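>>> Build the 3D model from these lines:
(one chain, ligands or ions: 1)
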Amino acid sequence: PFDVLVIGGGPAGASAAIYAARKGIRTGIVAERFGGQILDTLSIENFISVKETQGPKLAQALEEHVKEYDIDVMDLQRAKRLEKKDLIEVELENGAVLKSKSVIISTGARWRNVNVPGEEEFKNKGVAYCPHCDGPLYEGKDVAVIGGGNSGVEAAIDLAGIAKHVTVLEFASELKADQVLQERLYSLPNVTVLTNAATKEITGTDNVNGLTYTDRETGEEHHIELEGVFVQIGLVPNTEWLEGTLERNKFGEIIVDKQGATSIPGVFAAGDCTDSAYNQIVISMGSGATAALGAFDYLIRN
Ligand code: FAD
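Residues are numbered from 1 along each chain as shown. Below is the predicted model:
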């Protein structure tokens, strides 16, 4: 069996695997898509100490670093079941069952899409999901935020300090965000809030140049000219496969303690799949390291 089996090959998983392997213990990593979300990212400017890099380049560097160690890498494999017996068993979609003394779950998350024409086409060309990451690219420009919940309104407040103007589009008849956030939002001079607004299409040629929405009250269609669209309708953790096993919060995020421990002894978790406050590359890598050190502590005590 493995001493540490990592499920997920994004920044959190790669970091966890390296930290575990450096303890000289038997380490494996299962990943559906090694690299994770950074494979879909173009420019990264907040991975501290690296002024600028591209997602695929960082993913390759992660893989090379992992391969420096004696780590059993099982790429293109998806875990579908976890069960604690004597050892912890992880079953893969291909039927194989892996056994390990400890497991680190780092299966990440995915942004919910609006699924309108233009979204896929203009990803990284004006369609963005992370204001902390891409906000500065829209300095002095007109942008929209789709979604009027807490994350949408937080993004709009954040972007209002950088962009020239921010339009918030909420599908329902009112914003869903906390009152204090709404008050803050409405106090800003360069923000317009549209409720009952159903986004119909994100338009552009090479890059985004606008957005078309339907006013759900009048049925009328409107077009706004802008250069960036931030989609903020939810970040979903990839934890469905853990249903009925360890403790998750109402968003489906795995609840972890300071050591990255979950509600199942010997099972740890790190990165975007957990209830961490923020989701960023540096944060995921840090929590991956924490979970690996937590797992090592567990192993020397059991
Ligand atoms: P992920 O990167 O999501 O990796 C999850 C891993 O688990 C993947 O390997 C996946 O294939 C695997 N997996 C999932 N389910 C299973 C399963 N059942 N079995 C096996 N493997 C599974 N952050 C920044 O700090 N700076 C940025 O500039 C930045 N830009 C971003 C731009 C975009 C477009 C996106 C989407 C995100 C961006 N982020 C950025 C956020 C950052 O990418 C994430 O916070 C980070 O990748 C999270 O790392 P993770 O390892 O927790 O999860």
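>>> use CA for all of it now, contacts and neighbours both
Will do.
>>> ok, which stretches of the stretch 151-300 of the chain are helices?
Taking DSSP state H, counting those that start in this stretch as the criterion, the stretch 151-300 of the chain carries its helices at 179-186, 281-301.
>>> And the stretch 1-150 of the chain, by the same measure?
Ranges of helices within the stretch 1-150 of the chain are 11-21, 55-67, 131-134, 150-160, based on DSSP H, counting those that start in this stretch.
>>> what does the third one rub up against?
Put plainly, it is helix 131-134. 44, 45, 46, 128, 155, 158, 159, 230 (CA atoms under 8 Å, 6 or more residues apart in numbering).
>>> Give me the nearest residue to the second one, chain neighbours excluded.
This points to residue 45. residue 52 (4.6 Å; CA to CA, 6 or more residues apart in numbering).
>>> That neighbour and residue 43 touch, don't they?
Yes. Taking contacts as CA atoms under 8 Å, residue 52 lies within contact range of residue 43: 6.8 Å.
>>> which of the two has more neighbours?
Taking other CA atoms under 10 Å, residue 52 and residue 43 do not tie; residue 43 has more neighbours (17 against 12).
>>> Now do the same for the nearest residue to the more buried one once chain neighbours are set aside: its pLDDT.
Sequence neighbours aside, residue 54 is the residue nearest to residue 43 in space, at 4.6 Å (criterion: CA to CA, 6+ apart). With respect to pLDDT, residue 54 has a value of 94.
>>> interface residues of the stretch 51-200 of the chain facing the ligand?
Proximity of the stretch 51-200 of the chain to the ligand (CA under 6 Å from any ligand atom) is limited to residues 77, 78, 79, 80, 106, 107, 108, 109, 129, 130, 133.
>>> what's the answer for the stretch 201-302 of the chain, then?
Applying CA under 6 Å from any ligand atom, one finds that the stretch 201-302 of the chain approaches the ligand through 238, 271, 272, 279, 280, 281, 282, 284.
>>> ok, and the closest non-adjacent residue to the fourth one?
By that I understand residue 279. Leaving aside its sequence neighbours, residue 279 sits nearest to residue 272 (CA to CA, 6+ apart; 5.6 Å).
>>> Let me know how buried the one you found is, in neighbour terms.
Neighbour tally, residue 272, other CA under 10 Å: 29.
>>> which residues sit in contact with it?
By CA under 8 Å, 6+ apart, the residues touching residue 272 are 106, 107, 108, 109, 237, 279, 280, 284.
>>> quick one: it from residue 191, how far?
30 Å (CA to CA, to the nearest Å).
>>> and if you look at residue 37?
Using CA to CA, residue 37 is found at 30 Å from residue 191.
>>> Kindly report the same for residue 284.
Counting by CA to CA, the gap from residue 284 to residue 191 is 32 Å.
>>> and those two? which has more neighbours close in?
residue 284 (27 against 21).
>>> Provide the count of other residues in contact range of the closest residue to the more buried one other than its chain neighbours.
Among residues not flanking residue 284 along the chain, residue 271 sits closest, at 4.1 Å (CA to CA, 6+ apart). Around residue 271 there are 33 other residues, counting by other CA under 10 Å.
>>> Verify the contact between residue 271 and residue 283 for me.
Yes. Using CA under 8 Å, residue 271 is in contact with residue 283, at 7.1 Å.
>>> residues touching the spatially most central residue of the chain, list them.
Taking CA atoms, centre = their mean, the centroid of the chain lies closest to residue 109, which sits 4.3 Å from it. Neighbouring residues of residue 109 by CA under 8 Å, 6+ apart: 235, 236, 237, 238, 272, 273.
>>> least confident pick among those?
Ranked by pLDDT, these bottom out at residue 235, which scores 91.
>>> Show the contacting residues for the closest residue to it other than its chain neighbours.
Spatial nearest neighbour of residue 235, chain neighbours left out: residue 111 (4.4 Å); criterion: CA to CA, 6+ apart. Residue 111 sits next to 129, 233, 234, 235, 236 when contact means CA under 8 Å, 6+ apart.
>>> out of those residues, who has the most neighbours?
Busiest of the contacts of residue 111 [other CA under 10 Å] is residue 129, holding 24 neighbours.
>>> how much space between that one and residue 230?
In this view, residue 129 and residue 230 are 5 Å apart by CA to CA.
>>> again, but for residue 221
Distance from residue 221 to residue 230, counting by CA to CA: 20 Å.
>>> JSON lines please, covering the contacts of helix 131-134 and showing pLDDT and distance to residue 2.
Shown next, in JSON lines, are the contacts of helix 131-134 (pLDDT from 0 to 100; distance: CA to CA, whole Å):
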{"residue": "44", "pLDDT": "93", "distance to residue 2": "34"}
{"residue": "45", "pLDDT": "93", "distance to residue 2": "36"}
{"residue": "46", "pLDDT": "95", "distance to residue 2": "34"}
{"residue": "128", "pLDDT": "96", "distance to residue 2": "39"}
{"residue": "155", "pLDDT": "97", "distance to residue 2": "42"}
{"residue": "158", "pLDDT": "97", "distance to residue 2": "44"}
{"residue": "159", "pLDDT": "98", "distance to residue 2": "46"}
{"residue": "230", "pLDDT": "98", "distance to residue 2": "42"}
